[in-house]
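# take this sequence and fold it.
(one chain, ligands or ions: 2)
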Amino acid sequence: MNNSILSNRILSLSESATLEMTRLSRELKSEGKDVIALSIGEPDFNTPQNVKDAGKLAIDNNITHYPPVPGFLELREAIAAKLKRDNNLDYGPENIVVSTGAKHSLINVFMCILNDGDEVIIPAPYWVSYPEMVGLAGGKSVVINTDIDSDFKIKPEDIEKAITTNTKAFLFNSPSNPTGSVYTYEELSEIAKVLVKYPDILIIADEIYEYITFDSEHHSLGSFPELKDQLVIVNGVSKGMAMTGWRVGYIAGPKFIASACGKLQGQYTSGTGSISQMAALEAVKTDPNKSKEVSDMVKAFRERRDLLISLVKEIPGIKSNVPNGAFYLFPDVSYYYGKSNGDTTINGSTELCMYLLNEVYVALVPGEAFGSPECIRISYAASKEVIKEAVERIKLALSRLS
Ligand code: PMP
Ligand code: GLU
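Ligands and ions are numbered 1, 2, ... in the order given. Modelled structure (predicted):
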């Protein structure tokens, strides 16, 4: 037997570029190479002690049986309280479904709403998994392009232009992966004015980076009550509470969407791991404004952002904006396309990333995977020393291209 047994569904699915670059860098590392991986997007901080203790206690208290499919009631109530505390939103546990990471929450929603050919509007640069998830669920992505000069932000009229009779959903991500852009309240308000005119379009707001902002704070699309009936908020504990490995995400939205996601999970994965749920309960009860761990982490990310931008500015030909959130820089490196070191000609972001990986052992992610082939993504979830060394190496490798 060979891979011809595989379904069209899986054969047409791309490998996640973020995870692929991380896999390649781990392979090189295991060969003894001194690799700097700035490819995966995850905080390099440890989960706060009180959260880890809650996980341990869950084991000792034998909370090790099948949990309820949509999540423990206590956790869903705590998420509802978090949405009130942080975002001033009114949801009850019946509006909430806990899943195995925000990734799982997102695909649940797509699986629940999309029929073949239904369209989802996605601003680019987008997180790598969005179009693949939409495709898996039978839908079609309709991409709105943006550029670095406008901080990679869409204009409200772009949404209106992208809407067709097949539009089922609009996917929105602020703070953004990969650009780090954060929409202001005023910008969101303009977007809300367009979306409210289309009450049959579901808005999926991925707010997973909400705690990681620097110069102005995050605002939820939920701040506009007129959108509530058509809005699903996706969030989780992975980024803001440094809990990527615990795999807990959630949605909050209309009851019929929550019920549908619960029904899907019931046949597909069942509830998220009980121990992780109990740790997440402690995490969502933590007020980020009163948590030293969260504020220390955000402070460190801000310093690293400033450092990285100042270092990248010294490299000829690279153009960057100043991201206000998340922990990514997404510079335009197209100046180097068409250049060669004699052996390798760089024709795009994938070739450039492979060149940097093989030449100086720095792992980044090609912008191509995020719908912006002129850029590359640098995750600055690493120490200042590592960032400095990585940029030195990048600068050296790029200086060999002409
Ligand atoms: N949305 C965005 C924008 C992300 O960058 C990620 C990556 N972690 C996710 C969702 C998925 O988060 P999780 O790790 O909770 O599945
Ligand atoms: N979301 C992170 C990233 O973009 C983690 C890897 C992944 O799930 O894609 O790197």
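
# please count neighbours and contacts with C-alpha atoms only from this point.
OK.

# how near is residue 353 to ligand 2?
Counting by C-alpha to the nearest ligand atom, to the nearest Å, the gap from residue 353 to ligand 2 is 15 Å.

# quick one: that residue from residue 336, how far?
Separation of residue 353 from residue 336 (C-alpha to C-alpha, to the nearest Å) stands at 12 Å.

# and for residue 235?
Applying C-alpha to C-alpha, the value for residue 235 to residue 336 is 37 Å.

# between those two, which is the more surrounded one?
More crowded of residue 235 and residue 336, by other C-alpha atoms under 10 Å: residue 235, with 26 against 22.

# in the sheet, who's paired with that one?
residue 250 (DSSP bridges).

# quick one: residues contacting the residue of the stretch 251-400 of the chain found nearest ligand 2.
At 7.8 Å from ligand 2, residue 379 is the closest residue in the stretch 251-400 of the chain, using C-alpha to the nearest ligand atom. Residues near residue 379 by C-alpha atoms under 8 Å, 6 or more residues apart in numbering: 38, 39, 40, 41, 327, 328, 329, 364.

# show me the residues you listed that map onto strands.
Residues of these located in strands (DSSP state E): 328, 329.

# neighbour-wise, give me the winner out of the contacts of residue 379.
For the contacts of residue 379, the largest neighbour count, defined by other C-alpha under 10 Å, is 29 neighbours, found at residue 327.

# pLDDT score for it?
Looking at residue 327, its pLDDT is 97.

# residues in contact with it?
Contacts of residue 327 by C-alpha under 8 Å, 6+ apart are 41, 180, 212, 301, 305, 379, 380, 381.

# not counting sequence-adjacent ones, nearest residue to residue 103?
Sequence neighbours aside, residue 249 is the residue nearest to residue 103 in space, at 7.5 Å (criterion: C-alpha to C-alpha, 6 or more residues apart in numbering).

# isn't residue 288 up against residue 212?
No - counting by C-alpha atoms under 8 Å, residue 288 stays clear of residue 212, with 10.2 Å between them.

# enumerate the residues of the chain near ligand 1.
Selection of the chain residues close to ligand 1 by C-alpha under 6 Å from any ligand atom yields 101-103, 127, 177, 206, 208, 236, 238, 244, 247-249.

# which of those residues lies closest to residue 309?
Using C-alpha to C-alpha, residue 177 comes nearest to residue 309 of those, at 16.8 Å.

# and the strands in the stretch 101-250 of the chain?
Using DSSP state E, counting those that start in this stretch, the strands of the stretch 101-250 of the chain run over residues 119-123, 140-144, 167-173, 202-206, 231-236, 249-252.

# quick one: the longest one near ligand 2?
No - where contact is defined by C-alpha under 6 Å from any ligand atom, no part of strand 167-173 touches ligand 2; the two come within 12.1 Å at best.

# do you know the pLDDT at the residue nearest to residue 103?
Per-residue pLDDT puts residue 249 at 98.

# circling back: pull out the buried members of the residues of the chain next to ligand 1.
101-103, 127, 177, 206, 208, 236, 238, 244, 247-249 (16 or more other C-alpha atoms under 10 Å).

# so which residue is dead centre in this structure?
The residue lying closest to the centre of the chain (C-alpha atoms, centre = their mean) is residue 177, at 4.9 Å.

# distance of the closest residue to that residue other than its chain neighbours relative to ligand 2?
Nearest residue to residue 177, sequence neighbours excluded (C-alpha to C-alpha, 6+ apart): residue 127, at 5.5 Å. In this view, residue 127 and ligand 2 are 6 Å apart by C-alpha to the nearest ligand atom.

# what's near enough to touch residue 127?
Residue 127 touches 176, 177, 178, 370, counting by C-alpha under 8 Å, 6+ apart.

# what does residue 376 give?
Going by C-alpha under 8 Å, 6+ apart, the list of residues near residue 376 reads 330, 331, 332, 333, 349, 353, 364, 365, 366, 367, 368.

# sec struct for it, please.
Per DSSP: H, G, I helix; E, B strand; the rest coil, the local secondary structure of residue 376 is strand.
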